[in-house]
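# mind folding the following:
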Amino acid sequence: MAYRGGLLALAGIVLTVASCSHLTPLGPAPPQPSHLRSPFVLQAMRVQPPAPAGGCPAGFATLSVPGAGPGACYRKLGAPVTITSAAISPVSSSRPNPPPGQQAGPAQYGFTITLAAAEVPALTAVTTTAADAQGPLAISAAGQTWVLPIVGSPFTGPRLLIPLPTKNQALQLQRILASSG
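Predicted structure coming up:
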């Protein structure tokens, strides 16, 4: 009978929450941004395959970056955004659910960067530029650049997921950014 009562209580909570006009997330408070070990720059990019004769078209360059396709041509778009403070999560992995009848693909690795509220408009601007161009973001820190996936829509919140193809790449960038304290 306690089980049935628990279900009724849960249903009451669900109905109460559903009728609220504003929800407050449960759980720990989001991490607070702090000074980064190394600042990073986000840049919207346009990607194009090389010309049939080889090489990149005018205004494009080949970047040698971890995770980038070989021979792809990149061009910077819009204004870059430099971030000096953020909260950096530990690296985690996930394995996407495959379509029915297909095997799961390789694990994906990444971490989350949480920006201060004052930085969100700049993040929204650079991700809007990338989304409008159907291009990726590049993240540069400590003299290295990583090309992130194509941006499908602008990011309007303080969190930015940084997915990278290998655990080593994710750990390397996370260590470059995360403060030692």
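# so which bits of the helix or strand encompassing R46 are buried?
Using DSSP states H and E, R46 falls within strand 34-48. Buried residues in strand 34-48, counted by 16 or more other C-beta atoms under 10 Å: L36, S38, F40, L42, Q43, A44, M45, R46, V47. No exception for glycine: its C-beta is placed from N, CA and C like everyone else's.
# ok, which stretches of this structure are strands?
All strands of the chain, identified by DSSP state E, fall at 34-48, 61-62, 73-88, 92-94, 108-114, 136-141, 144-150, 159-164.
# same for the last one, what does it pack against?
Think strand 159-164. Other helices and strands packing on strand 159-164, by 3 or more C-beta pairs under 8 Å, 6 or more residues apart in numbering; DSSP states H and E, are strand 108-114, strand 144-150, helix 167-177.
# again, only this time at 6 Å
Judged by 3 or more C-beta pairs under 6 Å, 6 or more residues apart in numbering; DSSP states H and E, strand 159-164 is in contact with strand 108-114.
# what residue ranges in the chain score low on pLDDT?
Across the chain, residues meeting the criterion (pLDDT under 70) sit at 1-31, 64-70, 179-181.
# quick one: residues contacting P96.
Going by C-beta atoms under 6 Å, 6 or more residues apart in numbering, P96 touches no other residue.
# change it to 8 Å
Applying C-beta atoms under 8 Å, 6 or more residues apart in numbering to P96 gives the contacts A104, G105, Q108.
# got the contact list for the residue lying closest to T166 once chain neighbours are set aside?
Of all residues not flanking T166 in the chain, Y109 sits nearest, at 6.5 Å (C-beta to C-beta, 6 or more residues apart in numbering). Residues in contact with Y109 (C-beta under 8 Å, 6+ apart) are V91, S92, S93, P163, L164, P165, T166, K167, Q169, A170, L171.
# most neighbours among those residues, which one?
L164 (24 neighbours; other C-beta atoms under 10 Å).
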